[in-house]
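Visitor: need coordinates for the following:
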Amino acid sequence: MPASVAVRGVGLRLSEVDDLDSLARRLSAAPAPAAVRRFAAPDTVLAPVERGVYGPVEPRVPARAGARGLRGTPHESLLALASAASSVDGARGPEAAHEPARQDTRAPDDTTAVVWASSTAGLPEYATACAEASTLDPGFVAPALGPASAYNGPAATVSIRLGLAGPNLTLTGGATAGISAVAEAMRLIVAGDASAALVGASATVTRWSLTAANDHLTPAEGAACLALDLAGGPGIQLRGCHRTDLVQATARVIQAAARPETRPDGLVVSTSDTALVDALASSQPFPVWHVERALGDLGAAGGLLAVVGAAALCAAAGGTFVAPGERDPKRPTKILALAVEPCGSTASMEVSSS
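Guide: Numbering: from 1, shown residues only. Below you'll find the model as predicted:
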């Protein structure tokens, strides 16, 4: 694991969030009202439900990813592609957003890795294929549903459409998968297996995903992506991932908070346990932000958004808070990102500005 990697670009596709500034404001504001939508699963025993959600989110795929051939691409893969292409544009500068899509058919030579996390990729397509197989005559199931139901669809779409020949990995699971995806991207860069990395996560809301949704959280859809390479110069830095259990993770936070030289300026938590976040907020001498309370329940993407949210808060602060309402711009800002699973497993990462 490298001492640190640098964030060179960020791509966001979230409800009511356009950039890092609006993400920082959303994390600090009261939860936004959720629009009520109706979700159905035709030809199944699942009854339609109405639920307040954050979404739908329009992909708005940048020009560099091209437009042809995307008609049958699953919505979550489009969100992933849009956020990834935007992160590349951010890393290359404002003029990159107007670059045309790749026109050549040669093998790509960019060894940028793509590492993605998701709890929902391929789920609606797989469920639809199962429903059609059980209700239609043989041979009438849409053949495109097969590849569309692959859980690694978002990562594959990003690599193929952006012409990236580096490693391609997909992590599934809960919030810790999002932070673990960042750790895997860091490992690939330092090992020399990739020149850089696009690490992201995505989520969609469907009738199928709502069967396992938390009642006390607002389901949400969207995607986020970070463009990373080896650290060098000023900017946002990410440092090593610690994967452990809740007891040890809490002990690390408390021990760090006890010493001024190691005390973070804040903690961004991704978890479905709101009581845990409240307990952390009441016992720490720094602010605590809750991803799911502010942005909604995005599954694995919540963990990655804890890292992205910490980066947004670092960028917005421009220095370390030294007293309520005051900050010292001469010192860097350091915020911890923490993901906690219902079983108690955790993943954490330090995000700082320099």
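Visitor: going forward, measure contacts and count neighbours with C-alpha atoms only.
Guide: Will do.
Visitor: so residue 174 sits against residue 298, correct?
Guide: No: applying CA atoms under 8 Å, one finds residue 174 not in contact with residue 298, separated by 9.0 Å.
Visitor: isn't there a strand covering residue 348?
Guide: Yes: using DSSP: H, G, I helix; E, B strand; the rest coil, the assignment for residue 348 is a strand.
Visitor: hang on, isn't it packed against residue 241?
Guide: Yes: using CA under 8 Å, residue 348 is in contact with residue 241, at 5.6 Å.
Visitor: can you pull the residues that touch both of those two?
Guide: residue 179 (CA atoms under 8 Å, 6 or more residues apart in numbering).
Visitor: who has more neighbours, those two?
Guide: Of the pair residue 348 and residue 241, residue 348 is the one with more neighbours under other CA atoms under 10 Å, namely 29 against 20.
Visitor: tell me the contacts of that one?
Guide: 179, 241, 242, 243, 249, 336, 337, 338, 339.
Visitor: of those, the lowest pLDDT goes to which?
Guide: When these are sorted by pLDDT, the bottom entry is residue 249 at 86.
Visitor: run a quick neighbour tally on residue 274.
Guide: Count around residue 274 with other CA under 10 Å applied: 16.
Visitor: who's in contact with it?
Guide: residue 293.
Visitor: can you tell me how far residue 343 sits from residue 173?
Guide: Residue 343 is 12 Å from residue 173, where distance means CA to CA, to the nearest Å.
Visitor: just the buried members of the contacts of residue 348?
Guide: 179, 241, 242, 243, 249, 336, 337, 338, 339 (16 or more other CA atoms under 10 Å).
Visitor: partner residues bridging the third one?
Guide: Beta-bridge partners recorded for residue 242 (DSSP bridges): residue 348.
Visitor: so which residues of this structure form helices?
Guide: In the chain, the helices defined using DSSP state H lie at 20-28, 75-92, 123-135, 145-148, 153-162, 175-190, 246-258, 274-283, 291-295, 300-317.
Visitor: please identify the most buried of those.
Guide: helix 300-317 (a mean of 28; mean count of other CA atoms under 10 Å).
Visitor: tilt between that one and helix 20-28?
Guide: Between helix 300-317 and helix 20-28, the angle comes out at 110 degrees (axes from the mean of the first three to the mean of the last three CA atoms, to 10 degrees).
Visitor: average pLDDT for helix 300-317?
Guide: 95.
Visitor: distance check, residue 281 against residue 289.
Guide: The gap separating residue 281 from residue 289 is 8 Å, by CA to CA.
Visitor: again, but for residue 354
Guide: 22 Å.
Visitor: about what we covered before: could I get the helices of the chain as TSV with distance to residue 225?
Guide: Shown next, in TSV, are these (distance: least, CA to CA, whole Å):
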stretch	distance to residue 225
helix 20-28	12
helix 75-92	5
helix 123-135	21
helix 145-148	21
helix 153-162	11
helix 175-190	10
helix 246-258	25
helix 274-283	25
helix 291-295	16
helix 300-317	8
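Visitor: and the ones you listed: which comes nearest residue 228?
Guide: The minimum distance between residue 228 and the helices of the chain falls on helix 175-190, with 8.0 Å, by CA to CA.
Visitor: other SSEs contacting that closest one?
Guide: Packing contacts for helix 175-190, counted by 3 or more CA pairs under 8 Å, 6 or more residues apart in numbering; DSSP states H and E, involve strand 113-118, strand 168-172, strand 197-203, strand 222-230, strand 236-245, helix 300-317, strand 334-340, strand 345-353.
Visitor: if anything else comes up later, I'll come back, but that's it for now.
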